[in-house]
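> predicted model and sequence below, questions to follow.
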Amino acid sequence: MRIPDTSPDLLYLSRNDLGSLGGDHSQPYVDVIADGLAAHARGEYVQPLKPYLRWPGADHIADRIIAMPCYLGGKQPIAGLKWVGSRQHNPVHFGLERASAIIVLNDAETNYPVAILEGGLISGMRTAAITAVGTRYLARRGFTNVSCIGCGPIARMQLQTLLEQFPNIKCVHLFDLCPDAAKLLGALLAESYPDVYFITADSAESAVRAADVIVTCTVTSTPYLAFDWLKPGTFISNISIMDVHKEVYERADKVVVDDWDQSNREKKIINQLVLEGRFSREQLHAELGEIVIGGRPGRENEDEIILLNPMGMALDDIVCARYFYHLAHERGIGTRLPLYG
Ligand SMILES: NC(=O)c1ccc[n+]([C@@H]2O[C@H](COP(=O)([O-])OP(=O)(O)OC[C@H]3O[C@@H](n4cnc5c(N)ncnc54)[C@H](O)[C@@H]3O)[C@@H](O)[C@H]2O)c1
């Protein structure tokens with residue numbers, strides 16, 4: 001077959017390329033995610049439900065590949081897909097991070113692919129930015145104590161982002177079923193934040209009881225976090241989704257999600273509660289974007305217990321990928337790959 005004389009090409013951005021564009025710091029993600037959540041609230045997107053690809057023999061909850069497509073409107077319309085793989089055994093068997101990803105961006109006029117980006121960094125940092133935006137609206141002002149349950153790569157990016165965004169943090173409590181993971185993460189963060197105390201907790205309960213802001217970053221399929229552990233005024237960013245007992249959804253003052261339709265599926269805890277007739281769209285306080293645009297209130301007093309349950313949206317990935325794609329063009333960063341030649 002004859003190859004056309006002119007070949008469309010696409011831009012490849014590696015993790016290093018993204019780092020050289022500022023992608024290993026939280027600020028760009030926090031800004032872009034706040035805009036993305038606002039676009040979500042305004043309905044400027046198309047985002048089909050994400051399919052989970054699983055197969056026999058890969059049976060852990062974290063064994064899957066997820067396809068996450070999204071079209072984003074606004075001033076610079078673009079479409080794209082995150083293709084995110086996960087095997088729970090990767091760290092122990094292969095010395096690899098559990099999750100890996102690429103993001104493909106497509107031009108919204110031709111629908112041609114225009115970029116491929118390493119997706120693990122964006123995926124982790126955009127998730128941390130969701131927690132940061134959530135914390136801005138839903139945590140007590142001036143909070144000082146943060147707890148993180150599960151201390152893998154996602155936890156590292158969550159804490160890096162919180163520490164960069166909230167200089168009021170004085171103490172971070174870390175718990176992991178593998179105590180070395182908690183100690184390692186504390187030691188790593190202490191290099192950049194010598195004035196912050198990093199404490200390895202001896203149980204999830206003691207970590208949760210100690211904090212005003214809690215982030216879950218485990219790979220559990222069994223809830224462990226009880227309502228009675230939470231003091232008035234706590235904000236939980238339930239990143240790993242399955243950690244929080246059903247009673248917390250029922251008894252919290254406010255439950256917030258990123259997207260109701262994406263959250264109420266796949267037998268996740270919210271979905272289980274809905275199927276059991278114990279929770280509904282009407283009981284949900286808001287989608288986070290509604291709070292960002294001022295359509296719904298965030299925290300209204302010092303005592304509210306607020307649960308954010310962000311399932312993770314393709315929109316988060318595509319809005320960040322779009323930002324780095326345009327910045328890479330401006331700065332001449334990345335590798336051009338011809339599509340045909
Ligand atoms: N909501 C989102 O948008 C979003 C996005 C990205 C990742 N995630 C989730 O973040 C989680 C963490 O990702 P990761 O890449 O860091 O995983 P990882 O497997 O590399 O690390 C998980 C850590 O949690 C610990 N752990 C497991 N179960 C625990 C428990 N019950 N109590 C305490 N510690 C426990 C493990 O020992 C490990 O150190 C995953 O569940 C992933 O699906 C969510």
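That came through, no problem. Numbering: from 1, shown residues only.
> what number of residues lie near P232?
12 (other CB atoms under 10 Å). Yep, even glycine has a C-beta here, placed from its N, CA and C like the rest.
> need the contact list for the closest residue to R251 other than its chain neighbours.
For R251, ignoring the flanking residues on the chain, the nearest one in space by CB to CB, 6 or more residues apart in numbering is F227 at 4.9 Å. Neighbour list for F227: 245, 247-248, 251-252, 305 [criterion: CB atoms under 8 Å, 6 or more residues apart in numbering].
> how about a cut-off of 10 Å?
By CB atoms under 10 Å, 6 or more residues apart in numbering, the contact list for F227 reads 244-252, 305, 307.
> next, format these as TSV and append secondary structure.
Below are these laid out as TSV (DSSP: H, G, I helix; E, B strand; the rest coil):
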residue	secondary structure
V244	strand
H245	coil
K246	helix
E247	helix
V248	helix
Y249	helix
E250	helix
R251	helix
A252	coil
I305	coil
L307	strand
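> narrow those to those that are buried.
Burial of the contacts of F227 was assessed by neighbour count (16 or more other CB atoms under 10 Å); the buried members are 244-246, 248-249, 252, 305, 307.
> tabulate those residues (CSV), appending pLDDT and distance to the ligand.
Supplementary listing: the buried ones among the contacts of F227 in CSV, determined by pLDDT from 0 to 100; distance: CB to the nearest ligand atom, whole Å:
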residue, pLDDT, distance to the ligand
V244, 98, 12
H245, 98, 13
K246, 98, 16
V248, 98, 15
Y249, 98, 16
A252, 98, 18
I305, 98, 20
L307, 98, 13
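> and those residues, which two are furthest apart?
In those, the most distant members under the criterion CB to CB are K246 and I305, with 14.7 Å between them.
> if we can go back for a sec, distance to Y112 added to the contacts of F227, as CSV?
Formatted as CSV, the entries for the contacts of F227 read as follows, by distance: CB to CB, whole Å:
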residue, distance to Y112
V244, 42
H245, 47
K246, 46
E247, 50
V248, 46
Y249, 43
E250, 48
R251, 50
A252, 45
I305, 48
L307, 41
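> farthest pair in those residues?
Based on CB to CB, the longest span within the contacts of F227 runs between K246 and I305 and measures 14.7 Å.
> ok so S100 is a strand residue?
Yes. Inclusion of S100 in a strand is indicated when three-state DSSP is applied.
> surely it touches S123?
Yes. Proximity of S100 to S123 meets the contact threshold set by CB atoms under 10 Å, at 9.2 Å.
> and these two? which has more neighbours close in?
Set side by side, S100 and S123 show unequal neighbour counts under other CB under 10 Å, the larger going to S123 at 24 against 17.
> re the thing from before, ok, so of the buried ones among the contacts of F227, who is nearest Y52?
When the buried ones among the contacts of F227 are compared against Y52 (criterion: CB to CB), the nearest one is V244, at 20.8 Å.
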